[in-house]
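**Q** Based on what follows, work out the 3D shape:
(one chain, ligands or ions: 1)
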Amino acid sequence: MDIPDEPLAISVLTGFLGSGKTTLLKELLQHPDMDETAVIVNEFGEIGLDHLLVESSTEDIVLMNSGCLCCTVRGDLVETIRKLYKQRLIQEVPAFNRIVIETTGLADPAPILQTLMSDPFLSDRFRLDGVIVTVDAINGAETLTNHQESVKQAAVADRLLLTKTDLSQDKDFSDLLARLKDLNPTASVFKTAKGQIDPAQLFNAGLYNPETKSLDVQNWLKAEAFDNEHNHSHAHDHNNHGHGHDQGHDHGHHHHHGHDHSHDVNRHDDKVHAFCLTHDKPLDWDQLNSWVDMLITLYGSNLLRIKGLLNIEGDKNPIVIHGVQHVFHPPVMLENWPDSDRRSKIVFIVKDLKKEMFEDTFKAFMEQSEDLI
Ligand SMILES: Nc1nc2c(ncn2[C@@H]2O[C@H](COP(=O)(O)OP(=O)(O)OP(=O)(O)O)[C@@H](O)[C@H]2O)c(=O)[nH]1
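**A** Predicted coordinates for the structure are as follows:
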């Protein structure tokens with residue numbers, strides 16, 4: 001039996017229909033640094049493995065010359081991962097250390113991430129390393145406007161890949177990049193053409209990098225990306241004025257803005273925005289949990305991504321939390337603070353919810369904890 005010492009990394013590759021996921025995978029599969037990687041795709045046919053050098057293949061697993069495996073989903077994704085893990089244990093397949101899952105272009109990534117985080121078998125053996133999202137440099141803006149899925153995909157990304165940059169005269173992509181930054185200031189953005197990218201740019205996007213044994217919290221949280229937030233949130237607050245009610249669930253397309261806007265009010269990404277809450281004093285862990293529980297219960301499906309670095313009363317070490325919609329990873333205690341800043345910071349990427357609601361309820365819950373003391 002070959003039992004891994006560390007939880008194996010899982011990366012999720014998503015992106016709208018035709019945005020270049022398969023092209024990227026095809027390139028990645030040939031890269032020598034992709035050895036020890038198992039790629040899960042829906043259909044081998046889509047990647048056209050015939051053109052790649054293949055060492056051996058069975059019905060649902062192909063071993064590439066580069067050392068990586070490619071396998072297809074048979075039925076359920078979780079079942080496929082379990083089976084692959086067991087095959088690795090009994091050395092039926094090479095000892096991969098990472099899985100990359102390609103989702104279909106129309107997939108809402110949140111349920112997939114939730115499954116990966118909440119399935120007991122998987123959460124004991126795997127860590128979610130990051131979400132890689134392809135965005136078509138040519139059609140990306142239109143797709144964001146018209147398709148909620150593509151907005152959700154961009155919102156949960158750790159790595160955003162602008163694809164097909166070779167097809168555009170505009171080498172700047174500033175409008176699309178600004179829009180993506182507005183949706184998700186915490187993701188690292190890369191411009192690519194024809195799937196060309198160093199795999200090292202895509203992986204180890206998570207909190208803990210076993211290769212360097214480091215905790216790259218700052219890069220992960222990117223709280224500093226919100227320094228200019230005031231300008232952004234002003235724009236969003238403006239957009240929200242016209243809604244008859246504020247926090248709530250899916251509003252569909254029923255915008256009733258009472259005044260004109262210079263842009264198309266039906267853009268899907270107007271409803272998604274990111275902000276960072278900071279708090280100076282150490283937090284009461286129980287009250288914080290009650291607040292997060294309340295948010296999950298009332299607004300779970302609108303909480304696209306939450307990441308936090310927390311200063312908890314009575315703990316000298318920082319605690320890291322992160323979640324997608326209704327599911328949170330177990331909190332992680334770090335050995336050290338990343339720098340001298342001891343404030344708690346929580347980054348939210350949300351849909352149809354106002355920052356003020358978070359600020360007000362946070363304050364109310366924390367005041368309760370002060371009353372208890
Ligand atoms: N010129 C150019 N063409 C690209 C690039 N990336 C993808 N394409 C082309 O765009 C089309 C769609 O790319 P795919 O890689 O199949 O996209 P996908 O996201 O896997 O598509 P679905 O599986 O349908 O969701 C194909 O014809 C690719 O050859 C790129 O960077 N440059």
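**Q** Quick check: chain neighbours aside, which residue is closest to the residue in the stretch 101-250 of the chain that the ligand sits nearest to?
**A** Residue nearest to the ligand within the stretch 101-250 of the chain (C-beta to the nearest ligand atom): Gly105, separated by 3.0 Å. Backbone N, C-alpha and C define where each C-beta goes, glycine included. Leaving aside its sequence neighbours, Gly105 sits nearest to Leu17 (C-beta to C-beta, 6 or more residues apart in numbering; 3.4 Å).
**Q** Doesn't that neighbour lie inside a helix?
**A** No: counting by DSSP: H, G, I helix; E, B strand; the rest coil, Leu17 falls outside a helix, being coil.
**Q** Hmm, it is touching Leu106, no?
**A** Yes: between Leu17 and Leu106 there is a contact under C-beta atoms under 8 Å: 6.4 Å.
**Q** in terms of contact, does Leu144 touch Arg179 like I think?
**A** Yes: with contacts counted by C-beta under 8 Å, Leu144 reaches Arg179, the gap being 6.4 Å.
**Q** Now do the shared contacts for those two.
**A** Asp269 (C-beta atoms under 8 Å, 6 or more residues apart in numbering).
**Q** Could you check which of those two is surrounded by more residues?
**A** Taking neighbours as other C-beta atoms under 10 Å, Leu144 and Arg179 compare with Leu144 leading, 24 against 19.
**Q** How about the more buried one: what's its closest non-neighbour residue?
**A** Per C-beta to C-beta, 6+ apart, closest to Leu144 is Asp269, 5.0 Å.
**Q** Report the contact partners of the one you found.
**A** Leu144, Thr145, Val151, Ala154, Arg179, Asp182, Leu183.
**Q** any idea how far it is from the ligand?
**A** Per C-beta to the nearest ligand atom, to the nearest Å, Asp269 is found 19 Å from the ligand.
**Q** and the stretch 51-200 of the chain, which residues reach the ligand?
**A** Contacts of the stretch 51-200 of the chain with the ligand, taken as C-beta under 6 Å from any ligand atom, map to Gly105, Thr163, Lys164, Asp166, Leu167, Ala193, Lys194.
**Q** between those residues, which has the most around it?
**A** That'd be Thr163 among these, by other C-beta under 10 Å, with 27 neighbours.
**Q** Strands along the stretch 201-350 of the chain, start to end?
**A** Assigned by DSSP state E, counting those that start in this stretch, the strands in the stretch 201-350 of the chain fall at 208-209, 214-215, 272-279, 303-310, 319-324, 327-328, 332-333, 344-351.
**Q** for the stretch 51-200 of the chain, which spans come out with low pLDDT?
**A** For the stretch 51-200 of the chain, applying pLDDT under 70 flags no range at all.
**Q** where exactly do the helices run in it?
**A** 77-89, 109-118, 120-125, 140-146, 148-155, 174-183, 199-202 (DSSP state H, counting those that start in this stretch).
**Q** Quick check: closest non-adjacent residue to Asn65.
**A** Leu53 (3.9 Å).
**Q** Have a look at this structure and report its longest helix.
**A** The helix that spans the most residues within the chain, counting by DSSP state H, is helix 355-372.
**Q** Packing partners of it?
**A** Applying 3 or more C-beta pairs under 8 Å, 6 or more residues apart in numbering; DSSP states H and E, one finds that helix 355-372 contacts strand 272-279, helix 285-299.
**Q** Please state the offset of that helix from the chain centre?
**A** Computed by C-alpha atoms, centre = their mean, to the nearest Å, the separation of helix 355-372 from the middle of its chain amounts to 27 Å.
**Q** swap in stretch 285-294?
**A** 23 Å.
**Q** Residues contacting it, please?
**A** 306, 310, 312-315, 319, 321, 323, 328, 361-362, 365-366, 368-369.
**Q** Any chance of a PyMOL selection covering the buried ones in these?
**A** Remark: buried members of the contacts of stretch 285-294, expressed as a PyMOL selection using 16 or more other C-beta atoms under 10 Å:
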select buried, resi 306+310+312+319+321+323+328+362+365+366+369
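**Q** and which of the contacts of stretch 285-294 is nearest to Asn42?
**A** Comparing the contacts of stretch 285-294 against Asn42 with C-beta to C-beta places Gly323 closest, at 26.8 Å.
**Q** Indicate which one of the strands of the stretch 201-350 of the chain is closest to Thr37.
**A** strand 208-209 (15.8 Å).
**Q** Could you check how far Leu89 is from Ser174?
**A** Distance, Leu89 to Ser174, by C-beta to C-beta, to the nearest Å: 49 Å.
**Q** If you count surrounding residues, which of those two has more?
**A** Leu89 (15 against 8).
**Q** okay, the nearest residue to that one once chain neighbours are set aside: pLDDT?
**A** With sequence-adjacent residues excluded and distances taken as C-beta to C-beta, 6+ apart, Leu89 is closest to Met1, at 5.4 Å. What the model reports as pLDDT for Met1 is 76.
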